[in-house]
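A.B. asks: what follows is a predicted structure for the sequence shown.
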Amino acid sequence: MNTQNLLVELFVEELPPKALPALGESFARTLAASLQAQGLAAADGAVTPYASPRRLAAHLSAVAAKAADKAVAQKLMPTAVGLDADGKPTPALLKKLGALGLDASAAPRLRREGEGKAETLFIDTVAPGASLAEGLQKALAEAIAKLPIPKVMAYQLADGWTTVKFVRPAHGLVALHGADIVPVQALGLSAGRQTHGHRFEAQLDPIVLHDADSYAGQLREEGAVIARFEDRSTEMIRQLRSLAHHCGATLEAERGMHLQTDAEVEQNLLDDPLVKEVTALVERPNVLLCAFDPAFLAVPQECLILTMKANQKYFPLLDGNGKLTHQFLVVSNITPADPSAVTSGNERVVRPRLADAQFFFEQDRKKRLEDRVPGLDKVVYHAKLGSQGERMRRVQALARTIAGQIPPSFPVDLAARAALLAKTDLLTDMVGEFPELQGIMGRYYAAHDGEDPLVAEAIEDHYKPRFSGDELPRGDVGFALALADKAETLVGLFGIGERPTGDKDPFALRRHALGIIRMLMERGTGIELSRFLRDAAPVFGEVPGFTDPSADVQTFLYDRLANLLREQGWTAQEVDAVLAQKPQILSDVPRRLEAVRAFSELPEAEALAAANKRVGNILRKSDGVKDGSGFIAGRLVEPAEIALNQALDAVAPQAQQCYAAGDYTAALKALAALKAPVDTFFDQVMVNAEDPLLRANRLALLARLQNAMNQVADLSRLAA
């Protein structure tokens, strides 16, 4: 099959920058998938998406001018309807054949499938393959319809009457198969070979494309446009890092990457939200160095960084100690011979922004955080859960309780003080302008007020971990406050029926749950999960309609924990075995999982897991004693049950000793000695004996066996 490369481009007005990467990827992939489905493009053909502020395009390799013809088995009708008693076509069959462009001469080609009344007539035909013009027209319509457009615009075409709806007004369409134009239409446009480059710096306008393969090169050389999104990002990052290092600084976005290779740093920067957004704003990046008045550095650097990044799309620079410098980088879409006009303009624009931050900071410090506490009673937290003030008092009570459980001793009053002040920065001008700074500004203002450094630190840390991979609170005060804050949110909202459903989680309860799990699992404080949740419920005593959700919240946390552990590489069986026992000390969970994995590698593991499952089934179906109480060794009569009891008496204390010492791997490995007596017991002993006393005693023996085996994990979950 003769194939050539295909290039399709939509030239439009400026696309929404945050949506641009997704738009470009969707356009190319949907176009390719449709052509592949029609047999016009190979499934393994290369697909290259292009996306710049004013274009969406795709380059596809090895696209055919016409798809291959296909053999089609056409189902017609039941044989009894299509053929008369003499086997000749009925009028109904002739009509059906006529609709397919056939006549009575096609009758000899009919096939019969099935038997009796179910026998059906088929005819084998050949469906001609679609031409590229037909297939691309369909694919283009599909690609446009499936674009993840955040908001559609309606605009009129040049005729003044026709209305078109698209993400932005479209002004050009290119479709080249090799060097040939494919005659397709879209959005009121007919395909050609002309496109446009940079608004101000293109050498030619319009640009006449030679063929599909010359697209990127001509745009770069003649149009001053780097059409591919990833290529523009890479070039921008290269310039950003080069200029930053020339100044003896590093990009703020590189913070925490100092141990990574250059390739790893560049890859991480490609995923940086600001890099992506600025890449979508320029067609050819030109990075320039600017500066602001060093006096602004007296303002907390988080405020200045957020102001520059969020409002101005600038790239702040840090010195060798990680402190903000008065220099920053801007990415321009033009490359003038004298860049001073661009740099001075950006410096002039950023000054009032930084002055606003300075003003907010100075004004906020005139009022102590403690004096803002009464104002929290006027801030609504939730219609059913009251104000932020009420919430603060619940968190304070819970923080005291949690702090009291952290060994060996803990300054409970510091946790209570931190809880009292934790939400007061919500009432400051700075956080009102930049909500992302809540907690961070609280730390600065608490330090300014002369609060204990641990209290100031806890005010910032009580929001941690904010996202997957975020660091945990640094100290015990922040740990207690963060746990209290997340528990109050989770228990409170569950208690009034506000629970996540499907993909809806408006209060980010899954994130709060993962935060609690990580803190309890990674800090190893010894706090029991069920007690922790039971302590949280009473603080809502005066809330109307609140019902204690502790059991449901615990189930929710275990579900989140199971997902987290599977993502970390533990198998579903291993996770199920450990969490089936509802471990209360979550910091023990990793060691339990390691023990289960080590146990699974023992030659005796499979048989013991199967026996454990059998024991569980027997005990579930019986009405006898299931906890091992009432067992009397003197009632054992069969040699196999006597031997099992003796083995259990020898192994159980050893396993219990290892379990108590936290050596879960040794505890499970000790169980290997039970394989032989357990196998013999089930081969030679009838558990459900007719004698009720004998039956009850054997059930109690099995209950003792199950309890000894399932301390670390429910080993029956490992059975195939």
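C.D. replies: Good, I have the coordinates. Residues are numbered from 1 along each chain as shown.

A.B. asks: please make it C-alpha for all contacts and neighbour counts, starting now.
C.D. replies: OK.

A.B. asks: now do L715 against M709, distance only.
C.D. replies: According to C-alpha to C-alpha, to the nearest Å, L715 stands 7 Å off from M709.

A.B. asks: have a look at those two and say which one is more surrounded.
C.D. replies: Set L715 next to M709 and count neighbours by other C-alpha atoms under 10 Å: L715 wins out with 29 against 26.

A.B. asks: wait, that one touches A611, no?
C.D. replies: No: applying C-alpha atoms under 8 Å, one finds L715 not in contact with A611, separated by 9.3 Å.

A.B. asks: L306 - how many residues pack around it?
C.D. replies: Neighbour count of L306, defined by other C-alpha under 10 Å: 18.

A.B. asks: do the same with the one 10 residues further on
C.D. replies: By the other C-alpha under 10 Å criterion, the neighbourhood of P316 contains 27 residues.

A.B. asks: so what's it up against?
C.D. replies: Counting by C-alpha atoms under 8 Å, 6 or more residues apart in numbering, P316 makes contact with 251-252, 305, 308-309, 324-325, 327-329.

A.B. asks: how does it look with 7 Å?
C.D. replies: When contacts are counted by C-alpha atoms under 7 Å, 6 or more residues apart in numbering, P316 touches 251-252, 305, 327-329.

A.B. asks: of those residues, closest to V575?
C.D. replies: Within the contacts of P316, proximity to V575 (C-alpha to C-alpha) peaks at E252, which comes in at 39.2 Å.

A.B. asks: my guess is the closest one contacts L318, does it?
C.D. replies: Yes: shown here, E252 and L318 form a contact pair, counting by C-alpha atoms under 7 Å, at 5.8 Å.

A.B. asks: counting neighbours, go ahead and name the busier of these two.
C.D. replies: The neighbour comparison of E252 against L318 (other C-alpha under 10 Å) goes to L318, with 23 against 19.

A.B. asks: list the contacts of the more buried one.
C.D. replies: Each residue near L318 by C-alpha under 7 Å, 6+ apart is listed here: 249-252, 324-325.

A.B. asks: name the nearest residue to it, ignoring sequence neighbours.
C.D. replies: Using C-alpha to C-alpha, 6 or more residues apart in numbering and skipping the chain neighbours, the partner closest in space to L318 is L324 (4.5 Å).

A.B. asks: quick revisit: out of the contacts of P316, name the ones that lie in helices.
C.D. replies: Assigned to helices by DSSP state H, the following of those qualify: I305.

A.B. asks: want to throw the contacts of P316 into a markdown table with distance to N286 and pLDDT?
C.D. replies: Compiled in a markdown table, the contacts of P316 are given as follows (distance: C-alpha to C-alpha, whole Å; pLDDT from 0 to 100):
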| residue | distance to N286 | pLDDT |
| --- | --- | --- |
| L251 | 16 | 93 |
| E252 | 19 | 91 |
| I305 | 21 | 95 |
| Q327 | 17 | 96 |
| F328 | 14 | 96 |
| L329 | 10 | 96 |
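
A.B. asks: is L102 in a helix, a strand, or coil?
C.D. replies: Assigned by DSSP: H, G, I helix; E, B strand; the rest coil, the conformation of L102 is coil.

A.B. asks: helices of the stretch 251-400 of the chain, start to end?
C.D. replies: Under the criterion DSSP state H, counting those that start in this stretch, the stretch 251-400 of the chain carries helices at the ranges 262-270, 273-279, 301-306, 312, 340-364, 369-372, 388-404.

A.B. asks: ok, the stretch 501-650 of the chain next?
C.D. replies: Using DSSP H, counting those that start in this stretch, helices in the stretch 501-650 of the chain cover 509-523, 529-536, 550-567, 572-579, 589-600, 605-621, 639-660.

A.B. asks: low-confidence ranges, the stretch 201-350 of the chain, go.
C.D. replies: 258-259 (pLDDT under 70).

A.B. asks: what ranges does it have for its strands?
C.D. replies: 207-208, 250-251, 286-291, 315-318, 324-332 (DSSP state E, counting those that start in this stretch).

A.B. asks: in JSON lines, list the ones you listed along with distance to K117.
C.D. replies: Output for the strands of the stretch 201-350 of the chain, formatted as JSON lines (distance: least, C-alpha to C-alpha, whole Å):
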{"stretch": "strand 207-208", "distance to K117": "65"}
{"stretch": "strand 250-251", "distance to K117": "77"}
{"stretch": "strand 286-291", "distance to K117": "76"}
{"stretch": "strand 315-318", "distance to K117": "76"}
{"stretch": "strand 324-332", "distance to K117": "75"}
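
A.B. asks: spatially central residue in the protein, please.
C.D. replies: S468 (8.9 Å; C-alpha atoms, centre = their mean).

A.B. asks: any idea how far that residue is from L306?
C.D. replies: Distance of S468 to L306, given as C-alpha to C-alpha: 21 Å.

A.B. asks: and Y463, by the same measure?
C.D. replies: In this view, Y463 and L306 are 18 Å apart by C-alpha to C-alpha.

A.B. asks: what's the burial count for T501?
C.D. replies: 8.

A.B. asks: low-confidence ranges, this protein, go.
C.D. replies: Looking at the chain by pLDDT under 70, you get 1, 127, 258-259, 407-409, 524, 623-628, 720.

A.B. asks: how about the helices in the stretch 51-200 of the chain?
C.D. replies: Under DSSP H, counting those that start in this stretch, the stretch 51-200 of the chain gives helices at 79-82, 91-99, 132-145.

A.B. asks: does L94 really touch L102, like I thought?
C.D. replies: No: when contacts are counted by C-alpha under 7 Å, L94 is not listed as touching L102 (8.3 Å).

A.B. asks: these two: which has the busier surroundings?
C.D. replies: The neighbour comparison of L94 against L102 (other C-alpha under 10 Å) goes to L94, with 19 against 14.

A.B. asks: show the contacting residues for that one.
C.D. replies: Contacts for L94 (C-alpha under 7 Å, 6+ apart) come out as 103-104.

A.B. asks: distance of it relative to D84?
C.D. replies: 12 Å.

A.B. asks: try V299
C.D. replies: Distance from V299 to D84, by C-alpha to C-alpha: 95 Å.

A.B. asks: more neighbours: the two, which one.
C.D. replies: Each of V299 and D84 has its neighbours counted (other C-alpha under 10 Å); V299 has more, 17 against 12.

A.B. asks: phi first, then psi, for the more buried one.
C.D. replies: The phi and psi values for V299, taken as degrees, to the nearest 10, are phi -80, psi 140.

A.B. asks: now do G545
C.D. replies: The phi/psi pair for G545 (degrees, to the nearest 10) reads phi 80, psi 0.

A.B. asks: next, count neighbours for it.
C.D. replies: 12.

A.B. asks: just give the nearest non-adjacent residue to it, would you?
C.D. replies: I496 (6.4 Å).
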